[in-house]
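[1] turn this into a model:
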Amino acid sequence: MTTQNSINTSLAGQTGTGKFVGDTAPTMTNVTINDININTDTISTVTTNGNLYLEPNGTGHVDVGDPGLEVGNILIDGIAFNSRFRVNDIGNTAPAMVTIHKHSTTQEPLQIAARSNSNTSAHATVTANMPLYSMYATGWLNSYYGIFGQIRFSADSTGTLADGSAPGKLELLVTPNGAVIPVTALSISNAGVTTLANALPVGSGGSGRTTATAYSVICGGTTSTGAQQSVASVGTAGQVLTSNGAGALPTFQTPAASAPTITIYTSGSGTYTVPANVKSLNILMCGGGGGGGGVRVGAGAGGNGGTTSFGSWTAIGGTGAIATNGPNNPSGPGAGGSGGASGTGTQVFRVAGASGGSGIGITSIGMTSQGPGGGSILSGGNAWFQGTADVNGLPGMDQGGGGAGAAGSDNSAAGGGGGGEQVQFIISSPAATYSYAVGAGGTAGAGSATGGAGGSGVIIITEYYF
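    Predicted coordinates:
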């Protein structure tokens, strides 16, 4: 044992200064000392392994700093706790009670708690849920220190405890009001799953609840910071979530049957306003029919039918037929409308209007056949035979049909106008309003016998409420 100077010692009733009294044998390795009071700045030891051993006997401990009244032990919750090593301070002389100080480019300072599941120097594997390290925060109450909180590391309840596998659990515990034992407020499992003892409040970004009804709709609480609520039922297929007014949760209800309504436009233009509660629209529309051609004196072609539109959808009108000036000279009929634009929604079909028929006049047998107007799904074209008098051709019988051609007394005949294009489409989520315009029918061809005027277009809107 190496002699240390400037150390006051007491050994078996002897006292001295400058070295351990009686340390005269160079081979001496152990000495029992009741108390060591260090009055100098440092104490050191020189041994073959460089270790300094301080091992108090029984319930003794090593104190650093003035322990005050807690010389023997500390009362925590009325129980005397003894510890091997204590850091003390009376007053404000040591703001940093314990400092772990290290200089290193590769390692950080470490605080290590190591537990073996044994009461001897032998090692034994820890078990599931076994606490491994705890930190307590205590404060003086009336007659002892009370525990206010605890941080605890344990072996987790799940996982494999073996070399290469150390599943851990971290818990934060606080002591409730009126209690003395901390309870778990938060825990983190070895899988990283965080569990709260109580629901995180809405005001802190949580839901205010620990469970929810599976597949149910979540609604706000009864106040701006109240716990969120689940709608009582998840409903059944086909039901809709329906408001029950302020102060009540919505419920799933079977929608009341509501017959569809229909709006029809046969002329003009403007703005269509979708009725309240309408869920979808089914629109069927066609362009105007072309006019039939005229014959004989001042004969003129029929006018083109107008384009029908709804929003950005269009249906093109049919063209007018060419006029004719004499027998044995068939005139060209009008072509059916086609090539309209599609817009927002789902197209069901788009069909071009039918072409008008050609007019035929045969002088040798004294017969004329004026061309029929081209038809559409919403109209019909007609042929008309007349060989003795000036008679106007028949117009389209319904929306979108082309006008029939005229027939003259000299056996001349003109062609019919083309039918308007037709389109049907569905708008599943309609806007509030749509612009619309109905294509007008083409004018009748002039002449001694005039053709028939084309039928106007049409827009038929079926409104569905479910």
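[2] let me know how buried the nearest residue to Gly221 once chain neighbours are set aside is, in neighbour terms.
    Among residues not flanking Gly221 along the chain, Ala227 sits closest, at 5.0 Å (CB to CB, 6 or more residues apart in numbering). (Glycine included, C-beta is placed from N, CA and C.) Counted with other CB atoms under 10 Å, the neighbours of Ala227 add up to 16.
[3] try the one 5 residues further on
    Ala232 sits with 13 neighbouring residues when counted by other CB under 10 Å.
[4] hmm, back to that, what sits against the residue nearest to Gly221?
    With contact taken as CB atoms under 8 Å, 6 or more residues apart in numbering, Ala227 is in contact with 199, 201-202, 207-209, 221.
[5] want to throw the residues you listed into TSV with secondary structure?
    Listed next are the contacts of Ala227 as TSV, based on DSSP: H, G, I helix; E, B strand; the rest coil:
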residue	secondary structure
Ala199	coil
Pro201	coil
Val202	helix
Ser207	coil
Gly208	coil
Arg209	coil
Gly221	coil
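[6] now, of these, which are buried?
    202, 207-209 (16 or more other CB atoms under 10 Å).
[7] surely Ala185 is in contact with Thr175?
    No: with contact defined as CB atoms under 8 Å, Ala185 does not count as touching Thr175 (10.1 Å).
[8] out of these two, which sits in the busier spot?
    Per other CB under 10 Å, whichever of Ala185 and Thr175 has more neighbours is Thr175, with 18 against 15.
[9] how about low-confidence regions in the protein?
    Applying pLDDT under 70 to the chain flags the ranges 1-59, 94, 96, 325-331, 360-412.
[10] again, 80 this time
    The chain contains residues with pLDDT under 80 at 1-61, 72, 92-97, 255-257, 295-298, 323-332, 357-414, 448-449, 466.
[11] those helices in it, which residues are they?
    Assigned by DSSP state H, the helices in the chain number zero.
[12] can I see the domain layout of it?
    1-53, 131-195, 254-466 (automatic domain parsing).
[13] nearest to Val278, of the contacts of Ala227?
    In terms of CB to CB, no member of these lies closer to Val278 than Gly221, at 33.6 Å.
[14] surely that closest one meets Val202?
    Yes: look at Gly221 against Val202 with CB under 8 Å: they come within range, at 6.5 Å.
[15] overlap of the contact sets of those two?
    208, 227-228.
[16] wait, what's in contact with Met285?
    Taking CB under 8 Å, 6+ apart, we find Met285 in contact with 308, 310, 313, 315, 422-424, 457-460.
[17] likewise Thr194?
    Residues in contact with Thr194 (CB under 8 Å, 6+ apart) are 186-188.
[18] scan the residues you listed and report the most crowded one.
    Counting neighbours by other CB under 10 Å, the top entry in the contacts of Thr194 is Ser187, with 18 neighbours.
[19] hmm, it is touching Leu170, no?
    Yes: using CB under 8 Å, Ser187 is in contact with Leu170, at 6.8 Å.
[20] would TSV of the contacts of Met285 with neighbour count and distance to Thr99 be doable?
    Formatted as TSV, the entries for the contacts of Met285 read as follows, by neighbours: other CB atoms under 10 Å; distance: CB to CB, whole Å:
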residue	neighbour count	distance to Thr99
Thr308	33	88
Phe310	25	81
Trp313	24	80
Ala315	36	87
Gln422	28	90
Val423	23	84
Gln424	19	84
Gly457	36	92
Val458	26	92
Ile459	24	86
Ile460	17	88
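[21] save these as a markdown table, and put in distance to Ile283 too.
    Conversion of these to a markdown table gives the following (distance: CB to CB, whole Å):
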| residue | distance to Ile283 |
| --- | --- |
| Thr308 | 10 |
| Phe310 | 6 |
| Trp313 | 7 |
| Ala315 | 10 |
| Gln422 | 11 |
| Val423 | 8 |
| Gln424 | 7 |
| Gly457 | 13 |
| Val458 | 11 |
| Ile459 | 7 |
| Ile460 | 7 |
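[22] all set, thanks.
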